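K.L.:
Here is a sequence together with a model predicted from it:
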Amino acid sequence: MSNSPAPVTAGRVFLALLLRDVRVASKELPFFLLRTVMQPVLFLIVFGFLLPKMGFLGKGYQTALLPGILAVSLALSAIQSVALPMVQDFGWTKEIEDRLLAPVETWVIAAEKIVAGVIQGFIAAAFILPIARIVMGPIPNLTFGHVGDIMVITILGATAFSALGMWLGTGIAPQQIGLMFSVIIAPMMFFGCAYYPWRGLDVVPVLKYIVLINPLVYVAEGMRASLTPEVPHMPFPVTMVALLVVAALFWIAGLRSFRKRAIG
Amino acid sequence: MAAMATGARELVALEGLDLVVNEGEFFGLLGPNGAGKTTTIGILTTRVLASAGRASVAGADVIRDPVGVRRRIGVVPQRANPDRGLNVVDNLIFHAAYFGIPRATASRVAMEHLERLGMAEKAQEKVDALSGGQQQRLMIARALIHEPDVIFLDEPTVGLDPQARLALWDLLRDLHKQGRTIVMTTHYMEEANQLCDRLAIIDRGKLLALDSTEQLKAKAPGGTLIELELDGEANDVAVAAQSLDQVLTATATGRVLRVQSASGGRIISSLIDAVEKGGRNVRNISLAEPSLETLFISLTGRKLD
């Protein structure tokens, strides 16, 4: 028996938890990618390849679509990679209990899950980019000149949606997980300015302002600002600040909700 | 250990559940389902926040220093909850990592544990390949991997077949012999009787009895417990039974007549007579010597499971 166990730092426990998630996720990588990029890829094929080829959509549409597809992939994968395990773990497998016994404050465990989700969102976005290029062919006016901006938006967007995944995953009853997709995620994707630029909504001004509550708008517009600046877009600093605020709110909500589930 | 020996760990939980578990003790919380056993363990393992009261484990307060508590405890849950994303030995190595144990040390200790549990050849297997008993043994290894001061087991043998249960009992006895402090909940009398130094009998969140297992058995009401299952309400014949010679007490619960007999089974024939005179027939008879079971029935008026 150890008499006074040496305290382990929260940082070290965090790393161990992250290592565990990386190990488990890397084994499931193909399934993870299938689950999260299938929908964006299908969208790419229909809207980025078939419709332009048929002449229903102009070539310029592809330029507007690409940043949006990246934003959707990022958001979907970040949400799912946190929300689904949370629903499972707290709902029935109770597998997370061994981590809840780790000698750290409970929020550290939740924070690690969100960070793991950020990494997975990043991977999904990086994976979809070359696929988009293959499906759509050369994309006019695509630039990688603003790598820093792309990184900032990707990290902020993944962080916001990963934290949203924590909030949803710990706040929603397991039997309502299907509802989460149809009532929250689907409208968010379709009204997230992913498949059309925000400025395009000038034609329906009411909608243009309603969609501003949708965080996906800022990821998609931020991506446009940094990847395809030729397409009309929100100013980059606006998207950045909006995402900072949203991410902070979701972090707070996610951590609180996690704590509520973890400690009865 | 001497430095640690604050001796007693005080805990207060549920409705005035005051008890102290001593270092090195195998302590049992015995009670039926819904008695509050799991809540008690939940509070002590920092997974349930008590609304009032105080509890501390190995000197650390569960509310003010939950991290300190977690560092000092190992927990075996009611239902095995291994990390299915990891194989058997990684379950132990990663759990050790959460406690800051370096991988090399953890690997060695994990293999030692698996060998002792007779599961060394399963080290690289998926957790799903293990039987229920093996999964529960893995949970025990996991609870021990960071050398905790106190081990909590919540109904560790529920759902195990008799053989696996006996194997687990042997394992727990060994842990106890090594001087570990063990707190276990159970609703199996035999389990409590076989393993625990001291027992708290709780029901509906209240402490009914607290003593060494031997003392508790001695406290069980005298005489043999005779249970007669009747074909109708037992209430009507209880008074008649009570008046019989050698009957200490006679109580009725539904169709069951419970009689404490001062002369063993010899009064059965006169009991049957009394029942039949009251217009009832006897369907079944069972006898039990004074035991934890009879004590529990006398305390609560009902059986454990």
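P.N.:
Yep, that arrived.

K.L.:
Need the contact partners of stretch A:193-209.
P.N.:
Here stretch A:193-209 makes contact (Cβ atoms under 8 Å, 6 or more residues apart in numbering or on different chains) with A:43, A:47, A:64-65, A:68-69, A:71-72, A:191, A:211, A:214, A:216-217, A:220-221, A:224, A:231-234. The C-beta positions use only the backbone N, C-alpha and C, and glycine is treated the same way.

K.L.:
With stretch B:251-267 instead?
P.N.:
Contact with stretch B:251-267 is made by B:221-235, B:237-238, B:241, B:244-250, B:271, B:275, B:283, B:287, B:297, B:301-302, as judged by Cβ under 8 Å, 6+ apart.

K.L.:
and the gap between the nearest residue to A:Phe49 once chain neighbours are set aside and A:Phe31?
P.N.:
Counting by Cβ to Cβ, 6 or more residues apart in numbering or on different chains, A:Val135 is the residue found nearest to A:Phe49 once chain neighbours are left out, at 5.2 Å. Distance, A:Val135 to A:Phe31, using Cβ to Cβ, to the nearest Å: 22 Å.

K.L.:
okay, now the residue in the stretch 201-305 of chain B that chain A sits nearest to: neighbour count?
P.N.:
In the stretch 201-305 of chain B, the residue that lies nearest chain A is B:Gly205 (15.0 Å; Cβ to the nearest Cβ). If you count neighbours by other Cβ atoms under 10 Å in any protein chain shown, B:Gly205 ends up with 17.

K.L.:
Listing request: residues of the chain with sub-threshold pLDDT.
P.N.:
As the question left the chain open, I've gone with chain A. Applying pLDDT under 70 to chain A flags the ranges A:1-6.

K.L.:
oops, chain B please
P.N.:
Applying pLDDT under 70 to chain B picks out residues B:1-16, B:303-305.

K.L.:
Can you name the residue of it nearest to chain A?
P.N.:
B:Gly100 (2.9 Å).

K.L.:
and the next element down the chain from the helix or strand containing B:Leu257?
P.N.:
For B:Leu257, the host element (DSSP states H and E) is strand B:256-261. Next along the chain after strand B:256-261, taking DSSP H and E as the criterion, comes helix B:268-277.

K.L.:
and that next one with strand B:256-261, angle?
P.N.:
Going by axes from the mean of the first three to the mean of the last three Cα atoms, to 10 degrees, helix B:268-277 is angled at 140 degrees with respect to strand B:256-261.

K.L.:
Show me which positions of the following helix or strand past helix B:268-277 end up buried.
P.N.:
Downstream of helix B:268-277, the next assigned helix or strand under DSSP H and E is strand B:282-288. Neighbour counts over strand B:282-288 (16 or more other Cβ atoms under 10 Å in any protein chain shown) mark B:Val282 as buried.

K.L.:
State the helix or strand in which the closest residue to B:Gly279 other than its chain neighbours lies.
P.N.:
Take B:Gly279 and drop its neighbours on the chain: the residue closest to it by Cβ to Cβ, 6+ apart is B:Asp236, 7.3 Å away. Under the criterion of DSSP H and E, B:Asp236 resides in helix B:235-242.

K.L.:
got the residues of chain A near chain B?
P.N.:
Taking Cβ under 8 Å from any Cβ of the partner chain as the contact definition, chain A meets chain B at A:1-9, A:12-13, A:16-17, A:19-20, A:23-24, A:27-28, A:93-95, A:97-105, A:262-264.

K.L.:
Any quick ChimeraX command for the buried ones out of those?
P.N.:
To isolate the buried members of the residues of chain A next to chain B in ChimeraX, using 16+ other Cβ under 10 Å:
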select /A:1,5,8,13,16,17,20,24,93,94,95,97,98,99,100,101,102,103,104,262
